Structure formats: structure tokens, C-alpha cells
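Student: task: produce atomic coordinates for the following.
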Amino acid sequence: MKTLQGKRVLVTGGASGIGRAIAERMAAAGAILELADRNEKALDDAAEALRRSGAPVRTHVVDVTDAGQIAALRAAIHAGGGPVDVLVNNAGLVFGGAFLDVPLEQHMTTYRVNTLGLVAMTHAFLPDLVAGGDGHVVNVASASAFIGLPYGATYASSKWAVLGFSESLALEMELEGHHHVHVTAMCPSYVATGLFDGARPPVGTRLLTAERVAERTVAAVLANRPRVSMPWLAQATPVLKGVAPLRLFYRVAALLRVNTSMLHWRGRPPR
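Tutor: This next block holds a predicted model:
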């Protein structure tokens, strides 16, 4: 994508955290914003702040696990200004803890929001990107998409699915001749948004800021990058995992405190 000036950008989970930071960065680049979130109060607060800075923004209270609400969202966006050019699938949640200590419904909710909701949003809005002249899908995955994560098993595996979906969709767009539609998988490590309070970054790394992730996201869209991994350890993980025997790899991961990084998680509950 050569420019975001005048492009219509839809951001799910846009009321706070990474989603709000991405919206702010997109607006600074000239985008027209469509913000979707379940939390109406937080959504209104985010929109008010964006409007004070001069950004054109509309809000939509939407649950991405509800196909009917997604269809209504698309209809509202079309009626209010036209199809989107960029879809940012950011909505997500995490329930940490030992697998058997976490209620089954919370495990299932993790998949519904992080994976199935993302797929449903893409299925609804991809036709608009294909029909347009310059489209982009951003899927917010995680550095945990590259590695097993004790005390975050369903979160990590939901993000493994997002990464696989992103790469598959990107290849499919090329095979179908839709070279104007690009897909970026964002794979950050722990971000200081409240979702991961108590989680401890691996040795040699620190908590990322939402603003830094947003900055890299916008740069990736403008450069049509298929994947962004951050920080350095997330970039190195796939390479190390590919060349080292699996047992040795996870021994090294244990020394870097990757395996216990979620042990003391106490992140905020879903809003």
C-alpha cells in the first residue's frame, strides 16, 4: 500500500491497547477510521480523543464472535461511507493459568475471539478488499505463535492458528491473481496494555509498548510486509527452533525464562 491518505481503515478491539494505538497511528497517516469494540464507553472515549486530534472516525459496538453483528457492521460501513481498504483484526483476549485450572468455557472463548472471530471478520470484509484497488489485512498474532507457552496453552495455540491463516490467505491471494491485496501477521511479544500484567518478558527483552507495535504495524502496511516479529528474540525463535533439536530448543527457552513467562499472569479480564 503506497499511502494511507484517505484510506478507510477498520480496527477491531479499537477502544484500547494495541487497537487504539494502531488507530491513532493510522489517523496520523491520513486514514479514515472505523473503530469496532464491545466496550461502548471505552470506544466513545477513544473516538473523542481521536476527533480532538482532527481524525475522522466512526464507532461500532460489535462482538466479533457474532456473525450477525459482523454482517450489520459491514452494512453500516458501506452505508456510511463505502467499503474499507484496510482491515485490522486486533480484537483478542487471554486467560492465563494452568490448563486444568482455567474453566473450559474460557478456553473456548479464547478460540472464539482470537481465531474464529478473526476468520469471520476476514470472510466478511475480504470481498471489499478484492474488489478495491489496494487492500490490506492485518492480523495481530503473537510471538507465542512460534513457540509452546505453558500457562497460556489456548492463547498461544489460537495465535498459531492466526499465523497459519495469515500465511495461507496471503498465498491464496497471489494464486488467485489478487496481487493488490496483502496480508500482514503482527507477532509481538508481551505488550504493556494490561492484558499481560504479571507476565515476565524473557531474559534480554522487555515489555513492548502499544505505540511501538502500532508504529511497526503502519510501516508494515505501507511496505506490504507479510510478517513483523518483535523484539529480537521473537525474530530469532523460528530460526532457532528450525535448526535445533526440539528438546534442546526448549531447554534453552527454559534458561531464557520463556517457559515460565506466564506463571504469574494476572492480566485484566475481558471488558
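Student: all contacts plus neighbour counts: C-alpha atoms, from now on.
Tutor: Fine.
Student: enumerate the positions of the longest helix along the chain that are buried.
Tutor: Counting by DSSP state H, the longest helix found in the chain is helix 153-175. Buried positions in helix 153-175, judged by neighbour count with 16 or more other CA atoms under 10 Å: 153-163, 165-166, 169-170, 173.
Student: just checking, what packs against that helix?
Tutor: When contacts are defined as 3 or more CA pairs under 8 Å, 6 or more residues apart in numbering; DSSP states H and E, helix 153-175 packs onto helix 104-111, strand 135-140, strand 181-188.
Student: so who does residue 25 touch?
Tutor: When the contact criterion is CA atoms under 8 Å, 6 or more residues apart in numbering, the partners of residue 25 are 214, 215, 218.
Student: and the next helix or strand past the helix or strand hosting residue 218?
Tutor: Using DSSP states H and E, residue 218 maps to helix 210-223. Downstream of helix 210-223, the next assigned helix or strand under DSSP H and E is strand 227-230.
Student: what comes up buried for stretch 84-102?
Tutor: 84-97.
Student: circling back: what's in contact with the helix holding residue 218?
Tutor: Outside helix 210-223, the residues that reach it (CA under 8 Å, 6+ apart) are 1-4, 17-18, 21-22, 25-26, 136, 138, 184, 186, 188, 191-193, 226-228.
Student: which among those end up buried?
Tutor: Of the contacts of helix 210-223, these count as buried by 16+ other CA under 10 Å: 1, 4, 17-18, 21-22, 25-26, 136, 138, 184, 186, 188, 191-193, 226-228.
Student: confidence score at residue 117?
Tutor: On the pLDDT scale, residue 117 is placed at 98.
Student: tell me where the model's unsure across this structure.
Tutor: 269-271 (pLDDT under 70).
Student: ok, 50 please
Tutor: Flagging of the chain using pLDDT under 50 yields an empty set of residue ranges.
Student: pretty sure residue 120 is in a helix, no?
Tutor: Yes. Residue 120 sits within a helix when classified using DSSP: H, G, I helix; E, B strand; the rest coil.
Student: residues in contact with it?
Tutor: By CA under 8 Å, 6+ apart, the contact set of residue 120 is 64, 65, 67, 70.
Student: hmm, 7 Å instead?
Tutor: Neighbouring residues of residue 120 by CA atoms under 7 Å, 6 or more residues apart in numbering: residue 67.
Student: same check, this time on residue 51
Tutor: With CA under 7 Å, 6+ apart, residue 51 has these contacts: residue 57.
Student: all strands for the protein, in order.
Tutor: For the chain, the strands defined by DSSP state E occupy 8-12, 32-37, 57-61, 86-89, 135-140, 181-188, 227-230.
Student: now tabulate those in TSV and tack on distance to residue 115.
Tutor: Below are the strands of the chain laid out as TSV (distance: least, CA to CA, whole Å):
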stretch	distance to residue 115
strand 8-12	13
strand 32-37	16
strand 57-61	19
strand 86-89	10
strand 135-140	10
strand 181-188	13
strand 227-230	17
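Student: which one of those lies nearest to residue 237?
Tutor: strand 227-230 (9.6 Å; CA to CA).
Student: what packs against that closest one?
Tutor: Where contact means 3 or more CA pairs under 7 Å, 6 or more residues apart in numbering; DSSP states H and E, strand 227-230 is packed against strand 181-188.
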